[in-house]
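Undergrad: take a look and give me a structure for this.
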Amino acid sequence: MNDMKSLAQRVKELEDQLVVCIRCGTCQSVCPLFEQTHREADVARGKLALLDGLGKNMFDNPNGVEERLNRCLLCGSCAANCPSGVNVVEIFIKARAILAEYKGLSPAKQVIFKKLLSDPKTFDFFTELAGKFQGVFTKKDKNPQATSCARVISPLLDNRHFPSMAEKSFHRLTPRLNTPVGKSGIKVALFTGCIIDKVFPRIANDVIEVFKHHGIGLYIPDGQGCCGIPALASGDRKSFTKLVAHHIGLFEREKFDYLVTACATCTSTIKKLWPSIYEGKESGTRAKIGKLSEKTLDINQFLVNSVSLDPRDEIHGTKGGPVTYHDPCHLKKSLGVAREPRQLIKASGHELVEMEGADKCCGMGGSFNLYHYGISSRIGTLKQQSISDTHCDTVATGCPACMIQISDMLAKSGAQVKVKHPLELYADFLRNR
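TA: Reported below is the predicted structural model:
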């Protein structure tokens, strides 16, 4: 293990970003974690101060700093509201990588990221195996969220209610696709994403149907895997770099106008983190990442701004029930996409009912939900109450991870509310009009 002096030198690489923070405390007022714990170490200002101290070699407890860095949803609420423009999410991700490289990943994380996640074929094999045996350990709930829960007490599953893994993943249903450009004159590549592929393949199927309706050429290469954010959030920059290079190789095989995803987290990762965090040395790869990032769009953003939905859809469509909408953090706070999902919901013939705090974090935060489920649930319960207060029978959101968290919270409360992606509502409208 390296000494503390070398660790301090690595942390000092972040100094130019750390000094931007003026310690004003604005982050306290918007941090969903601080709202629950009221601990300074749980807010961005406190974590940045700890990193600054570590970089100046003021203390010798990297484990404590790492623990506090990992108590973060990476929702970006602080960055989106910071008057000084501190890029908090990027700082924390880089700091986690520095600490992980100093300490080394745990054996479990090495297996998960280096052996499974970074190899799409191996990852597919084991997730499909888990899907086949999920019925042994879980049982179906009878609720509108179509969730399952553990058959017996389990430390991992706890008292969670979660969508089951699909009987057939999307990549098994549609290994690859390359359709010609139609009346739209547009060709799009689809980045599927892990959760849509393995839990919500119906969303990807709806993408195909909607694009066919609008005459959009669609390219879906086989061999897709994870966008890399789970590995990156845990500090494994090498697995992240491997996954980025893998996908660049897949998508450079075909010419297309846009890269589109139906996952807010994947969109934000490809657009923001692929260009800023990638460290590979392959010739020309960084330039390719930059070009791909520039033409990456969220599915709602693409349909509303690039396809010009028929205004008659909203006017003459059969009105569905009222729908409320939750803003995924990675969509609104990271990418500024908030208007387009709402327009897509309205174009689907639904009345949109705004919930209180629509852009407040739902508490998922990827691995945060696994390690800090108690706090995650408390944050999620606030979101569930906001949804229930609208009296809508459907809540829509553009992030599959948010769909999982919200389904859990609604199921535990007994709420009779369905959880949908805005794209699903639009596809249903096209099928039924």
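Undergrad: pLDDT below threshold where in the chain?
TA: 1-2, 153-156, 310-318 (pLDDT under 70).
Undergrad: break it down into its structural domains.
TA: Following automatic domain parsing, one finds the domains of the chain at 4-104, 310-432.
Undergrad: what's the most buried one of these?
TA: A comparison of the domains of the chain by mean neighbour count, using mean count of other Cβ atoms under 10 Å, puts domain 310-432 on top with a mean of 20. Placement of C-beta: from N, CA and C, glycine included.
Undergrad: how far off centre is that domain?
TA: 14 Å (Cα atoms, centre = their mean, to the nearest Å).
Undergrad: what does stretch 64-74 give?
TA: Remark: stretch 64-74 is offset 18 Å from the chain centroid, using Cα atoms, centre = their mean.
Undergrad: which residues touch that stretch?
TA: Residues outside stretch 64-74 that contact it (Cβ atoms under 8 Å, 6 or more residues apart in numbering) are 32-33, 41-42, 46-47, 50-51, 54, 89, 92-93, 95-96, 99, 103, 233, 329, 361, 363-366, 368, 371-372, 379.
Undergrad: just the ones in helices from the residues you listed, please.
TA: Among the contacts of stretch 64-74, the members falling in helices are 32-33, 46-47, 50-51, 54, 89, 92-93, 95-96, 99, 103, 233, 329, 368, 371, 379 (criterion: DSSP state H).
Undergrad: how about the residue nearest the centre of the chain: what's its closest non-neighbour residue?
TA: The centroid of the chain falls nearest to T265 when counting by Cα atoms, centre = their mean (2.6 Å). In this structure, T265 finds its nearest non-sequential neighbour in H330, 4.8 Å apart by Cβ to Cβ, 6 or more residues apart in numbering.
Undergrad: what ranges do the strands span in the stretch 251-400 of the chain?
TA: Counting by DSSP state E, counting those that start in this stretch, the stretch 251-400 of the chain has strands at residues 258-261, 296-298, 323-326, 394-397.
Undergrad: would you list the ones you listed in JSON lines and tack on distance to Q384?
TA: Listed next are the strands of the stretch 251-400 of the chain as JSON lines, based on distance: least, Cβ to Cβ, whole Å:
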{"stretch": "strand 258-261", "distance to Q384": "26"}
{"stretch": "strand 296-298", "distance to Q384": "24"}
{"stretch": "strand 323-326", "distance to Q384": "10"}
{"stretch": "strand 394-397", "distance to Q384": "9"}
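Undergrad: closest to K383 out of those strands?
TA: K383 lies closest, by Cβ to Cβ, to one member of those: strand 323-326, at 6.7 Å.
Undergrad: and that closest one, what does it pack onto?
TA: helix 339-347, helix 373-389, strand 394-397 (3 or more Cβ pairs under 8 Å, 6 or more residues apart in numbering; DSSP states H and E).
Undergrad: just tell me which of these ends up closest to G193.
TA: strand 394-397 (14.3 Å).
Undergrad: now the element after the closest one, going C-ward?
TA: Sequence-wise, the next helix or strand downstream of strand 394-397 (DSSP states H and E) is helix 400-413.
Undergrad: output the contacting helices and strands for that next one.
TA: strand 147-150, strand 162-163, helix 194-198, helix 264-268, helix 373-389, strand 394-397, strand 418-420.
Undergrad: give me that answer again for 7 Å
TA: strand 147-150, strand 162-163, helix 194-198, helix 373-389, strand 394-397, strand 418-420 (3 or more Cβ pairs under 7 Å, 6 or more residues apart in numbering; DSSP states H and E).
Undergrad: what does stretch 189-198 contact?
TA: Stretch 189-198 has contacts (Cβ atoms under 7 Å, 6 or more residues apart in numbering) with 127, 165-166, 169-171, 203-204, 207, 218-220, 224, 226-227, 251, 254, 256, 259-263, 266, 270, 400-401.
Undergrad: excluding its backbone neighbours, what's nearest T241?
TA: G280 (4.8 Å).
Undergrad: looks like the one you found contacts A245 (just checking).
TA: Yes. With contacts counted by Cβ atoms under 7 Å, G280 reaches A245, the gap being 5.3 Å.
Undergrad: R286 versus V88, what's the distance?
TA: 24 Å (Cβ to Cβ, to the nearest Å).
Undergrad: tally up the residues packed near the residue lying closest to S407 once chain neighbours are set aside, please.
TA: Nearest non-adjacent residue to S407, counting by Cβ to Cβ, 6+ apart: Q145, 4.1 Å away. Residues near Q145, counting by other Cβ atoms under 10 Å, number 24.
Undergrad: I figured Q145 hits V419, correct?
TA: Yes. The criterion here is Cβ under 7 Å, and Q145 meets it with V419 at 5.6 Å.
Undergrad: what's the overlap in contacts for those two?
TA: Joint contacts of Q145 and V419 (Cβ under 7 Å, 6+ apart) are S407, L410.
Undergrad: distance of the residue nearest to T265 relative to L54?
TA: 27 Å.
Undergrad: picking up where we left off before, which ones are touching the residue nearest to T265?
TA: H330 is in contact with A264, T265, S268, C399, counting by Cβ under 7 Å, 6+ apart.
Undergrad: repeat that for 6 Å
TA: A264, T265, S268 (Cβ atoms under 6 Å, 6 or more residues apart in numbering).
Undergrad: also S29?
TA: Contacts for S29 (Cβ under 6 Å, 6+ apart) come out as none.
Undergrad: apply 10 Å and report the result again.
TA: E35, V43, S77, C78, N81 (Cβ atoms under 10 Å, 6 or more residues apart in numbering).
Undergrad: what about the helix or strand hosting it, distance to the chain center?
TA: Per DSSP H and E: S29 is located in helix 26-30. Chain-centre distance of helix 26-30: 22 Å, with Cα atoms, centre = their mean.
Undergrad: kindly report the same for stretch 277-294.
TA: 21 Å.
Undergrad: contacting residues around that stretch?
TA: Stretch 277-294 has contacts (Cβ under 10 Å, 6+ apart) with 90, 93-94, 97, 189, 191, 228, 232, 237-238, 240-245, 247-249, 251-252, 256, 258-259, 269-276.
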